[in-house]
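Participant: starting from these lines, generate the structure:
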Amino acid sequence: MNFLKTLFWIVLSAVVVLFSINNWLPVTVSLWGGLEADVKKPIFALFFFLLGFVPTIVYYRTKAWRLSKRLNTVARELADERGMKKFRAPEPAGGEPAPTGDELTLDTPAPDGQRP
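Facilitator: You can find the predicted model right below:
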């Protein structure tokens, strides 16, 4: 797959270079107030490409960043819920530890003898 990506970028670079060499002509751009600017055609094309590309990539990167933040928040909340699902019964006041294997879960009710 890396070979195909490398090949794609090499072909794209060759096309851009050939376009630039064959179209290295000045273009006169009329600005406000009778002002004119002579700009080379490939630079002119690159400017307008970036004018459309940069805001779009900023928008989509921001959207992806927001979604990743929301996903991280939901993952943290899910981990908290999973952590709260199992808990141990409190130790008796006499200082004796509760017998092992006496785990309660929220899915199963406590036996009748332990209800408050």
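Participant: what ranges do the strands span in the protein?
Facilitator: 26-30, 36-40, 86-88, 103-105 (DSSP state E).
Participant: could you give the bridge partners of D38?
Facilitator: For D38, the beta-bridge partners are T28 (DSSP bridges).
Participant: return the residues in contact with it.
Facilitator: P26, V27, T28, V29 (C-beta atoms under 8 Å, 6 or more residues apart in numbering). For the C-beta atoms, the positions are set from N, CA and C on the backbone; glycine is no exception.
Participant: CSV for these, including pLDDT, neighbour count and distance to V58?
Facilitator: CSV is the format used below for these (pLDDT from 0 to 100; neighbours: other C-beta atoms under 10 Å; distance: C-beta to C-beta, whole Å):
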residue, pLDDT, neighbour count, distance to V58
P26, 92, 11, 31
V27, 90, 14, 28
T28, 92, 8, 31
V29, 89, 11, 26
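Participant: what's the closest of the residues you listed to P55?
Facilitator: V29 (21.5 Å; C-beta to C-beta).
Participant: tell me the contacts of that closest one?
Facilitator: Contacts of V29 (C-beta under 8 Å, 6+ apart): E36, A37, D38, V39, F44.
Participant: please, where are all the helices along the chain?
Facilitator: Applying DSSP state H to the chain gives helices spanning 2-22, 41-85.
Participant: taking the contacts of D38, tell me the two that lie furthest apart.
Facilitator: The widest separation within these (C-beta to C-beta) is 9.8 Å, between P26 and V29.
Participant: which residues are in contact with both of the two?
Facilitator: What both P26 and V29 touch, as defined by C-beta under 8 Å, 6+ apart, is the set D38, V39.
Participant: where does this structure dip in pLDDT?
Facilitator: The model of the chain has pLDDT under 70 over residues 84-116.
Participant: so which of the contacts of V29 is the most crowded?
Facilitator: F44 (15 neighbours; other C-beta atoms under 10 Å).
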